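>>> Next input, structure requested:
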Amino acid sequence: MRYLAPSRDAVDPQVFRRMPLAAWRDHAALLEGRDWPGIEALNRYWPAAARERFVAQTPALLADGLHYEQRIAEHGEIATRTGNWHDLLNALVWLRHGALKRTLNARQVTEIAHMGPKVRSRAQYALTHFDEAGVIVWLRDEALLTLWDAHDWHGLFWRHRHAWLDGTIRVELFGHALLELALDPTRLPVGKALAFHLDEGRDTPSALAHCATAIAHGHLLRDPLELRPLPLSGIPGWHPDNVDEAFHLGAACYQPRRTGRSYPPIHALTG
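The predicted model follows:
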């Protein structure tokens, strides 16, 4: 069943104070105001050097015949529906993670040139899955990867709960569809994650830059099977019920690993 986000006036304000939406408090005026922000209000948040701009998705705009990704690459125009949570949250990700968004766009346009606008390659599926539901995870203790590989959710989120609190595991949510799901507190969203080993002293901006470079060079997101499921509701502070062990023994978002399913080795951050 297709997900329908709650109307703006029906959203429980508490969702903006709980992760993942709590991480976007710098855009609280756009998210929590009574009225929908207009296109020009969004564009005021761009840095001066940015070539992209949000433009209203109108019949006249779509009549140019360009694919959504081609329009961004050729004209810097990001088609955006007003009064729409999905597009508003996509805009916020552009404003925060512009370099990574540009990397995905460049890869998509390259694939469109090979495949045409109506057929998708495996790489395009991977790029789209990550754009919509992507999560970047950095681990200092690779032993935790064994639990993740086995879908041992009780071990990953309960027995090693401290790892999520002391920085042994760090998470950066990228997918705007995950942010949209978070508007409904009854949802238990599952991200599609890329996992990296994080050395001491590496800060988040440099780690994100490495991720963008690896994607740009085609080392990552060549196939959707590269992406690992990560039930976000298990992370401390991301769902009120996960303070109890019972949640980690039976939450609907905790699915067993499919027979034969395997995941790629953890990616190293270099340079």
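
>>> What are the contacting residues of the longest strand belonging to the chain?
Longest strand of the chain, by residue count under DSSP state E: strand 190-197. Strand 190-197 is contacted from outside by 129-130, 133-140, 142, 145, 148, 173, 175, 178, 207, 210-211, 220-221, 224, 226-232, 253, 266-269, using Cβ atoms under 8 Å, 6 or more residues apart in numbering. Where you see a C-beta, it was placed from the backbone N, CA and C, and this is true even at glycine.

>>> Distance from it to the middle of the chain?
Relative to the centre of its chain, strand 190-197 is centred 10 Å away, using Cα atoms, centre = their mean, to the nearest Å.

>>> quick one on the thing from earlier: give me the ChimeraX select line for the contacts of strand 190-197, limited to the buried ones.
A single ChimeraX command selects the buried members of the contacts of strand 190-197 (16 or more other Cβ atoms under 10 Å):
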select :129,130,133,134,135,136,137,138,139,140,145,148,173,175,178,207,210,211,220,221,224,226,227,228,229,230,231,232,253,266,267,269
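
>>> Counting only strands, which of the contacts of strand 190-197 make the cut?
In this view, those that belong to strands under DSSP E are 134-139, 173, 228-231, 267-268.

>>> Span of stretch 32-49 from start to end?
In stretch 32-49, first residue to last residue: 27 Å (Cα to Cα, to the nearest Å).

>>> what angle sits between the longest strand of the chain and strand 134-139?
Interaxial angle, strand 190-197 versus strand 134-139 (axes from the mean of the first three to the mean of the last three Cα atoms, to 10 degrees): 40 degrees.

>>> quick one: average confidence on strand 190-197?
The pLDDT scores in strand 190-197 average 95.

>>> Stretch 236-254 now?
Mean predicted confidence for stretch 236-254 is 96.

>>> Buried residues of the longest helix seen in the chain, list them for me.
Identified as the longest helix of the chain according to DSSP state H is helix 98-115. For helix 98-115, burial by neighbour count (16+ other Cβ under 10 Å) applies to 98, 100-105, 107-108, 110-112.

>>> Let me have those in TSV, extended by distance to residue 246 and pLDDT.
What follows is the buried residues of helix 98-115, written out as TSV (distance: Cβ to Cβ, whole Å; pLDDT from 0 to 100):
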residue	distance to residue 246	pLDDT
98	41	95
100	37	96
101	39	98
102	44	97
103	41	97
104	38	98
105	43	98
107	42	97
108	42	96
110	47	95
111	44	93
112	47	92
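
>>> Sketch out the low-pLDDT regions of the stretch 51-200 of the chain for me.
Applying pLDDT under 70 to the stretch 51-200 of the chain picks out residues 200.

>>> and if we set it to 90?
113-120, 140-143, 197-200 (pLDDT under 90).

>>> Show the residue spans covered by the helices in it.
Secondary structure of the stretch 51-200 of the chain (DSSP state H, counting those that start in this stretch): helices at 59-62, 68-75, 85-96, 98-115, 122-133, 143-149, 153-154, 161-165, 176-181.

>>> If you count contacts, what does the fourth one end up packed against?
Looking back up the chat, that one is helix 98-115. helix 68-75, helix 122-133, helix 204-216 (3 or more Cβ pairs under 8 Å, 6 or more residues apart in numbering; DSSP states H and E).

>>> hey, which of those helices is tucked in deepest?
Ranked by average neighbour count under the criterion mean count of other Cβ atoms under 10 Å, the helices and strands packed on helix 98-115 are headed by helix 122-133 at a mean of 20.
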